[in-house]
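Student: Give me a model of this one.
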Amino acid sequence: MKTHSFLAHINRERDTQPLNDHANGVARLCGEFCSQINPRWRNVGVALGLLHDQGKYQKAFQAYIRKASGLTELGPNRAPHSMAGAIYAYSLFKKNDNEALARVLAYCVGGHHRGLHDSFELDSALKMADNQRLCRDMLRDAPEVATTLAKQLTQQLRLSNVMAVDEEDRPLFIRMLFSALVDADYLDTEAFMDEERAAKRTRAGEVNVLWETLRDKLKARTDSFDTATLINRTRAYFLNQCRHHGANHEPGIYSLFLPTGGGKTLSSMAWAIESAICRKASRIIYVIPYTSIITQTAEIFKQIFGEEYVLEHHSEIDISDEDEYDKKKLLAENWDAPIVITTNVQMFESLYSHRPGRCRKLHNICN
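Tutor: From the prediction side, this is the model:
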């Protein structure tokens, strides 16, 4: 087959997306997302994007996708591709004496559909005869693609040393890279397969975050409070202390202890906004243990800042307005909103899950 005839996707109108176009699109997005983790990981993200669907360069997969979309009647009912690409990536970098990077790439590429393997599962999958055969088929069916990609990855891209990441941080680091790849793959695929959905996501997510504007909105609300009583003057004192600390603190973990009625909800958000301005943060994530509190808190922030700035992500979101719910659901997939209000359950399931859907938002926790 000629290189240009290898396809990544076929949409409902039977338009085709060349595999090379999809790989480059995912590489661009994944590199951008990985730079959020740290700018030095941009090229690792580019490499993941270029590699993730390498296993689709098989005649069997190309026959499968054409049959599944109705372009042809003949073809297999399934054609796995993820582990073929993972084996190719692993073999390429292991051969170049970079075992650590080889494993990181194999984890992410091999799991971008089914979820991350653990260490034992990855070793087994890399050695499995069927997966090895799929990789050989890929190399046989598109040898020039594999050769060009190998040169690009090993000679043209400067990939940072993943061993520089502290050992105890590597599991989360791999999940972060995995998150960037999954989100990039979903977004590029969605842009081709469902333009209407992609446009809705763009409109919902294109909020220019001007933290100073949100600070002014919050200040306008709090300045309207009555300060005639001692308790209200005390609340105002707590609030100003939080603002001052948020604008001047070093990065770290801080606790706010106030009695019931002390104004923790607004004081903590005032601290967060000042911190966001100081640190040039991308978003604020407000994590609450109970759904009974989260709805009330979200409503307060929506009234102050406007609904377009606030995303609720929990199990009791109101779905009475189907269109509005659809926008919220899109944003909840990757937390692409300035202020995210969520539960401990959602937060920790994202941090520790191995599933693509759960991990997808992880890279947006950065900054």
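Student: and residue 312, what pLDDT?
Tutor: The per-residue pLDDT reported for residue 312 equals 87.
Student: And residue 147, by the same measure?
Tutor: The model's pLDDT for residue 147 equals 95.
Student: Pull out the buried residues from the helix or strand where it lies.
Tutor: Element membership for residue 147, per DSSP states H and E: helix 143-151. Across helix 143-151, burial judged by 16 or more other C-beta atoms under 10 Å covers 145-146, 149-150. C-beta: built from backbone N, CA, C; applies to glycine.
Student: between those residues, which is closest to residue 234?
Tutor: residue 149 (64.0 Å; C-beta to C-beta).
Student: Contacts only, for the closest one.
Tutor: Each residue near residue 149 by C-beta atoms under 8 Å, 6 or more residues apart in numbering is listed here: 50-51, 54.
Student: what do you get for residue 46?
Tutor: Counting by C-beta under 8 Å, 6+ apart, residue 46 touches 27-28, 30-31, 157.
Student: again, 6 Å this time
Tutor: 27, 31 (C-beta atoms under 6 Å, 6 or more residues apart in numbering).
Student: any idea of the mean pLDDT in the helix or strand hosting it?
Tutor: Per DSSP H and E, residue 46 falls inside helix 42-51. Average pLDDT, helix 42-51: 97.
Student: ok, now stretch 128-142?
Tutor: Regarding stretch 128-142, the rounded mean pLDDT is 96.
Student: What residues sit buried inside it?
Tutor: For stretch 128-142, the neighbour count (16+ other C-beta under 10 Å) marks 131, 134-135, 137-139, 141-142 as buried.
Student: do stretch 209-225 as well
Tutor: So stretch 209-225, judged by 16+ other C-beta under 10 Å, has buried residues 211, 214-215, 217-218, 222.
Student: Then stretch 224-234?
Tutor: residue 234.
Student: measure the closest residue to residue 251 other than its chain neighbours to residue 42 for me?
Tutor: Nearest residue to residue 251, sequence neighbours excluded (C-beta to C-beta, 6 or more residues apart in numbering): residue 279, at 7.2 Å. Distance of residue 279 to residue 42, given as C-beta to C-beta, to the nearest Å: 20 Å.
Student: if we can go back for a sec, check the offset of the helix holding residue 147 from the chain's centre.
Tutor: Mean-position distance between helix 143-151 and its chain equals 28 Å (C-alpha atoms, centre = their mean, to the nearest Å).
Student: Okay, angle between that helix and helix 42-51 too, please.
Tutor: Counting by axes from the mean of the first three to the mean of the last three C-alpha atoms, to 10 degrees, helix 143-151 points 170 degrees away from the direction of helix 42-51.
Student: What does the pLDDT read for residue 203?
Tutor: pLDDT, residue 203: 50.
Student: The helix or strand harbouring residue 237 - contacts with which helices or strands?
Tutor: Using DSSP H and E, residue 237 sits in helix 230-248. Using 3 or more C-beta pairs under 6 Å, 6 or more residues apart in numbering; DSSP states H and E, the elements in contact with helix 230-248 are helix 264-279.
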